[in-house]
Each structure stands twice: as C-alpha cells, then as structure tokens.
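Trainee: My questions concern the predicted model and sequence given below.
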Amino acid sequence: MNRGDGPNDNIDEGPHAFSAQGEHEDLSLIERTATGDEAAFFQLYQRHHLPLFNYLLRLVQEAPVAEDLLQEAFLAVWRGAGKFRGQSKVKTWIFRIGHNQAVSWLRKLRPAEQDPVFIPEEDPLPEAQAHETWRAEQVWRAMERLSSTHRAVVELAYMQSFSYPEIAQILDCPVGTVKSRMSYALRYLGAALRELGVQDEAR
C-alpha cells in the first residue's frame, strides 16, 4: 500500500459527542505515534477501530473487505501521523482516511453507483406497533437501498455522532452538500420505510 500522507485537517468543527478529555488523549496518542511509539498507536487503534470498522462495513457491505480497508486505514494513520496538525479532531481525521479507502474500493468495483428511483405513496401504510427488532431490520433494509454516498452521511451523523462540519471534512465536500445529501437520504428512507410497512419516524 502506498499511502504516506494524511488528509488536510483544516475545517472548523462545532461541539459534538466526543468528550474534550477523549480528544485530549487522542492528541497525545497521535503525537506519540508520530515519533514511532507503537504502544501509543495500538491505543489509538483500540479506541477507534470498532466504530471505523462498522462504518466501513456499512459502506462496502462486505466484512472481509471492510477488515482489509480498516487495516489499510490504520497503516495510513501510522505513516501519516506526523502530518496531523491538530486543526481537527483526531477521530475525524482517522475516519476521513478510512472513508477515502472505502471510496477508492467502491469506485473500482461499483462504478456509477446510483440511488434507486422511489416514488412514495401519499399516505403512510397503516401498521400496528412493530417489534423493535423487526423495525431495526427494516431500517437497515432501507439503508441498503441508498447509494454509499447517501448512506455515508446517515451513518456518520446518526451512528457515529459526527457534526455536519466533521462529516464535510471526512467526505471532503462543503457543509451544504452534506445537508442536501442528508435531506435526500432522510426523505428516501422515510418513503422506503413506509413501503416496508414501518411508520415513518425519520426526522
């Protein structure tokens, strides 16, 4: 793998779920990683590999591929730690590296990916109270209908608790683009869930 550079980390970010203490610890770990401290790198990996793997898995939808991309992403973190300038959260920077790995894979194997056309019914399907497990399964079925581009913004916002500015940095696009993708994704998911017989609870 030839990936020595970390992405630029120069977007202002608003407050979000990751604690100030956690970010301070990440900064210390990335600084030590930049000096070749393998123990610090391992700690950084332990802190972030599970959420990043889950994100990659939902993008590429193949566990072996997600695992390979995860390893490539953290190898890039190891090689590029010295280029991190502290102008973004470490977690955001790591997710951008992973996202870029996934996008490269998707472009090679799934060219011209598009969202399916879906015309929602005027009224939601009348459904009785659904079991939580069943409803969750339908949500993921609906998510799978989205393109990876739109799936990414939903996953990053709702599952990984990133703010819009952070998502914009990970996806390397304007905040306005993130908002428009989210708006489309939520409208589509609401309609898809109604088609699957789930009352629309998307916001």
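Mentor: Received it, and whenever you're ready, just let me know what you need.

Trainee: Now do the contacts for the residue positioned nearest the centre of the chain.
Mentor: Geometric centre of the chain, nearest residue: Leu156, 3.9 Å, by Cα atoms, centre = their mean. For Leu156, the contact set (Cβ atoms under 8 Å, 6 or more residues apart in numbering) comprises Tyr55, Phe95, Phe162, Glu166, Ile167, Ile170, Leu171. Glycine gets a C-beta too; all of them are placed from N, C-alpha and C.

Trainee: so how far is whichever helix or strand the second one is part of off the chain centroid?
Mentor: Phe95 belongs to helix 90-109 when assigned by DSSP states H and E. Using Cα atoms, centre = their mean, to the nearest Å, the distance from the centre of helix 90-109 to the centre of the chain it belongs to is 9 Å.

Trainee: helices or strands up against that helix?
Mentor: Secondary-structure packing of helix 90-109 (3 or more Cβ pairs under 8 Å, 6 or more residues apart in numbering; DSSP states H and E): helix 20-34, helix 38-60, helix 63-80, helix 148-154, helix 164-171.

Trainee: how does it look with 7 Å?
Mentor: helix 20-34, helix 38-60, helix 63-80, helix 164-171 (3 or more Cβ pairs under 7 Å, 6 or more residues apart in numbering; DSSP states H and E).

Trainee: on that earlier part again, using CSV, lay out the contacts of Leu156 together with distance to Ser180.
Mentor: Listed next are the contacts of Leu156 as CSV, based on distance: Cβ to Cβ, whole Å:
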residue, distance to Ser180
Tyr55, 21
Phe95, 20
Phe162, 17
Glu166, 17
Ile167, 12
Ile170, 16
Leu171, 12
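
Trainee: Can you say which of those are buried?
Mentor: Tyr55, Phe95, Phe162, Glu166, Ile167, Ile170, Leu171 (16 or more other Cβ atoms under 10 Å).
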